[in-house]
Structures are given as C-alpha cells and as structure tokens.
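K.L.:
Build me a model:
(one chain, ligands or ions: 1)
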Amino acid sequence: MFQFANPVGFCNKLKKLSVMPKNATACVIGSGPNGLAAAIVLAQAGLQVDVFEAEPSPGGAVRTMGLTLPGFLHDFGSAVHPLAVGSPFFSSLPLQNHGLRWIHSPATLAHPLDDGSAVVLERDLENVKTALGADANPWIGLMQPFVEHWQEFAPAVLRPMTALPKHPLLMARFGLNAMMSAKTIARRFQTERARALFAGFAAHSFLALDEPLSSAFGIVLGAAAHAVGWPIPRGGAQSITNALCSYLSSLGGCVKTSSRIESLAELSGYSLILCDVTPKQLLQISGQRLSDNYKRSLAGFRYGAGVFKVDYALSSAIPWKSTDCGRAATVHLGGTFEEIAASESATRNGRVAERPFVLLAQPTLFDASRAPAGKHIAWAYCHVPNDSNADMLTRIEDQIERFALGFRDCVLARRVFSPAHLERMDANLVGGDIGGGALDLRQFLFRPTRRTYATSEGNVYICSSSTPPGGGVHGMCGYHAAKMALCRGI
Ligand SMILES: Cc1cc2nc3c(=O)[nH]c(=O)nc-3n(C[C@H](O)[C@H](O)[C@H](O)COP(=O)(O)OP(=O)(O)OC[C@H]3O[C@@H](n4cnc5c(N)ncnc54)[C@H](O)[C@@H]3O)c2cc1C
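P.N.:
All right, here's what the predicted structure looks like:
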C-alpha cells in the first residue's frame, strides 16, 4: 500500500491553529466516512470532538448489516474501496492497528460479454496486454502517468479543483483527458472489449457517456485499479467505519449514535460545527444560523441520479458463463460501450433503462467470514432517475442471468432498496443519490457553493460528499473541511 507521509491539502497552515481558543470543543453532525475523517483531523489537532449520528450505528453509507438471512452480512452502501485504500488521509492513519484488513481479489474487475468471454482487468498494468490485445498500448498510455504518480495524483485530484495544482504538468494532463467525454476517449480504442471496459469505469460518474467530464471517473478509477487495486475490507465496509471510530476514540473523540440533530441551535455549546450532511438537510437544520444569500445558493444545489439496489443471499457462487468472472470481486454487467451509454443516457434524461448497467460485487468469493459455509452474498445496483419509484428488480436480474444463466435458482433471499428506502436509512442519500449531488461541470468546480466547505456562519462548515472532491469512500471532503476550519479558527 502507498504511504502518503504528508497528505497535504490546499490548506495546510496549521501554525494558524493558535487562533483556536484553549479548551475549544467541536462537534460533527453525521458519522459517514467524511464526518469521521473531519472528527479525526480535529481530534488530532487537540480538540475535544463529539460526533452525532442519527442512525443506531455509525458509518452512513459505509455499514455492514444482516439484510437477508441469519449469518449473511451485507454492505448497505459501499462495497469496493479503491478510493479508501488510495486515500491520502486514510493512508496516513494507523487503521490496520484498529482492525482494518484489505482483501484484493486476484483480478481487479471482470466485464463479461455476450460471446461468453470476459474482459478481466489485472492489477499489474503490464498484464493488460492479455486482456486488451491491440488496445493494451492506448490503455497503458491513458493510465500510466496517473498510476506511476498515484502518490502525487491522489492528493491533487481528491481536493477542490479550483486550488492551485502542486503538480501542474500531471494535472494538466489529467484535465485535458478528464474534460473529454468517455465517448471521445473510447475512440482511442479499436476493440469492443477495451471500449466496453472503459464505459464501465466511466459510468460510475452518473453522467451520460457523451458528456464532458464523464471520462474523469473512468481515468481516476482505472488508474486506482492499477495503482492501489479495488479491494474489499475483511468483514465488509463496516470494518472501515469501525477502524475510524476506534482510532477517533483513541484520540478522545466520541460517537453518539441514535442522535439526530434537528437544529443547529441544539449545538450552541460547541465552538466549531462540521456537518456531514447534504445541502437539503443543512437547510432543514439551519434555523436562523445561516444567511439568506447562502441559503439561496444551497437551495440551487443539484442532486444526481439515484440507485436501485438489491442484496442477495445465495446458495452457491454465481454461475458465471465465463469462469474468469470468479477471479474479481467487482463485475460490471452491461455489455458493449453503446449499451452502457444508452443505459446512462436514459437515466440522465429522467428515464429508466430497459437494459441497465449493473454494478455487482461478490465479496464472499474472497472473504468467507460473511456467509455460512458454502453460501454466498451478492450486492448489485443500477442507476435510476433521482427519487424514481420504478421497480428494477427484474431488469437487474435479467442482466445477471444474461451472463450467469441459472443465477435466480441460487437466490435464497433478496432485499430490495429503492431510492426512497436508501434515503430512509441514511438521510444523505437524497432521492437515492449516492454521490452527494450531481458531478456536472459547475458542481465539479464549486461544491455545494463557491465557498466549498465554509458557510455564511464563521464556525459552521459542511464536510459531506456534497463538497469537493465528491462521492466515494475516501474521507477527503471531511479532511479538507476540518483543515479549513482549523486554518480559519473561530
Ligand atoms: C448503495 C451504495 C453503494 C456505494 N458503493 C460505493 C463503493 O463501492 N465504493 C465507494 O467508494 N463508494 C460507494 N458509495 C458511496 C459512498 O458510500 C459515499 O460517497 C460516502 O459514504 C459518503 O460519505 P459521507 O460521509 O459524505 O456521507 P454518508 O456516508 O452518507 O454519511 C452521512 C451520515 O450522516 C448522518 N446524518 C445525516 N443527517 C443527520 C442529522 N441531522 N443528524 C445526525 N446525523 C445525520 C447519516 O445518518 C449518515 O450516517 C456507495 C453508496 C451507496 C449508498
């Protein structure tokens, strides 16, 4: 694993900490990875920190729970963690000493096709020659600069894009590629296999694949696949949360669960308030604390598409037509570039896709601790319009059956989450949006407003994935927000 000795952000003038009064206390609303990251930065700086979490258990969209049958442990939200293992901040913490163990499947990702084969992405960039043949060189050419310089690239890309880059050449190279659509980048590849593979990575953006910036996610996630892998935590995503909570506790911080904050007025005793919530909730709890101008800006924040998710308890491993799919914890189901593009374009235009692009994780092939002996779990979701109430179960299972005939016969139990169900279990998942807001050009630069983490109130900051760099389990929103709060003082 990479070690980031100094996860420098845009704000690193800790000498300004002197403006923080002695015995200053801070609180964080929300214990998602960004809330916990913010709490840890504040506790490391010597503040007494309390974290208030609405739900009975901490973690937000990084929780593992029994959702189907006894003995089966499912990830409610995140399952596969390239950005957590590659996070400059998380990598600087002793999370291994607090129980976190990463498991890397033999191959990073599999993408089955209708001819019964699968494109299998190996972690080693040199090995893509087997999977991509004629397109190995263009793939390597696209990814290599960011893979080789991941230690510089990750801190530079996981922060506000408006900050001056420390590595201008590397970031200029990224910017030129990232501004393009996935469709434009895919023209570099001759084969259907490479084009399909890139489409699967780019579709994580929730953008239509002919939109500018849709390639950005493809490049970051593709580079991460080779630089740090796409691992799963042993025991499930909860292990990340538990390690963060345990480390926070060792610094004197405290997480109070089942403690929903209804109004900022409840927190008047704290010198500093960091909010791991999205603009919608910040508006709900703001009371008189925030200016009308700022509230108007927040109200203009746009949420992205939602997801429809299914968790499965299975009697056996998924019977993939291509046995190569069994080598990867993550499987992208959607066929060709054009099919995935059609699926994402439908969602972006407010429709549900007939053949949705499905993201599937099969952790128990590599972590037997999460199901009874010989049994398995699977986690699958597809994109739907925000707050859609469409039932996507049949369409998701048709896509799985397309590449794994007999899948339905293995299902012992399933638990379905519509966007509304997801939001009920984590208020930040507004309309099922798992990225904390759309990542279009405006919100790529300024998120949620031009002030980024700051609000109109001097001691109130926002630190959720609605701030830069956005969605994913990396904690960098919380890290940067807390650094800004410490720099500015009270
Ligand atoms: C189905 C799904 C699949 C995903 N897959 C992946 C993946 O594989 N890999 C990946 O990297 N990312 C994935 N993500 C995205 C990732 O989980 C999120 O981007 C990340 O969790 C955001 O962290 P956060 O701290 O900003 O918010 P959250 O994790 O949503 O945490 C916010 C917390 O704040 C609490 N809260 C909200 N309002 C209040 C209040 N008023 N008072 C007290 N507490 C409050 C909530 O209960 C919640 O615990 C997925 C998400 C989902 C839902």
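
K.L.:
So whatever helix or strand Gln399 lives in, near the ligand or not?
P.N.:
Assigned by DSSP states H and E, Gln399 falls within helix 393-403. No - with C-beta under 6 Å from any ligand atom as the criterion, the ligand is not reached by helix 393-403; the gap is at least 12.8 Å. Every residue, glycine included, has its C-beta placed from N, CA and C.

K.L.:
Run the chain-centre distance for that helix.
P.N.:
Relative to the chain's own centre, helix 393-403 is displaced by 24 Å; criterion: C-alpha atoms, centre = their mean, to the nearest Å.

K.L.:
Pull the residues that contact that helix.
P.N.:
For helix 393-403, contacts defined as C-beta atoms under 8 Å, 6 or more residues apart in numbering pick out 112, 114, 118, 308, 310, 318, 320-322, 325, 331, 333-335, 352-356, 358, 360, 380-382, 407-408, 414, 416.

K.L.:
Buried ones among these?
P.N.:
112, 118, 308, 310, 318, 320-322, 325, 331, 333-335, 352-353, 355-356, 358, 360, 380-382, 407, 414 (16 or more other C-beta atoms under 10 Å).

K.L.:
filter those residues down to the ones close to the ligand.
P.N.:
Within those, those near the ligand by C-beta under 6 Å from any ligand atom are Tyr381.

K.L.:
So which bits of the helix holding Gln399 are buried?
P.N.:
So, applying 16+ other C-beta under 10 Å, buried residues of helix 393-403: Arg395, Ile396, Glu397, Asp398, Gln399, Ile400, Arg402, Phe403.

K.L.:
now the last one: how far from Gly470?
P.N.:
When C-beta to C-beta, to the nearest Å is applied, the distance between Phe403 and Gly470 equals 30 Å.

K.L.:
Please report how far Gly334 lies from Pro155.
P.N.:
Going from Gly334 to Pro155 by C-beta to C-beta gives 32 Å.

K.L.:
scratch that, Gly30
P.N.:
24 Å.

K.L.:
With Arg296 instead?
P.N.:
As judged by C-beta to C-beta, Arg296 and Pro155 stand 33 Å apart.

K.L.:
Of these two, give the one with the bigger neighbour count.
P.N.:
Set side by side, Arg296 and Pro155 show more neighbours around Pro155, with 22 against 10, by other C-beta atoms under 10 Å.

K.L.:
Only alpha carbons, please: show the helix or strand containing the more buried one as CSV.
P.N.:
Taking DSSP H and E as the criterion, the element that holds Pro155 is helix 150-157. In CSV, the C-alpha atoms belonging to helix 150-157 read as follows (Å, rounded to 0.1, in the frame of the first residue of the first chain):
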residue,chain,number,x,y,z
TRP,A,150,-0.5,8.0,-7.8
GLN,A,151,1.1,9.4,-4.7
GLU,A,152,1.1,12.9,-6.2
PHE,A,153,-2.1,12.3,-8.3
ALA,A,154,-4.4,11.2,-5.5
PRO,A,155,-3.9,14.2,-3.2
ALA,A,156,-4.2,16.5,-6.3
VAL,A,157,-7.4,15.0,-7.6
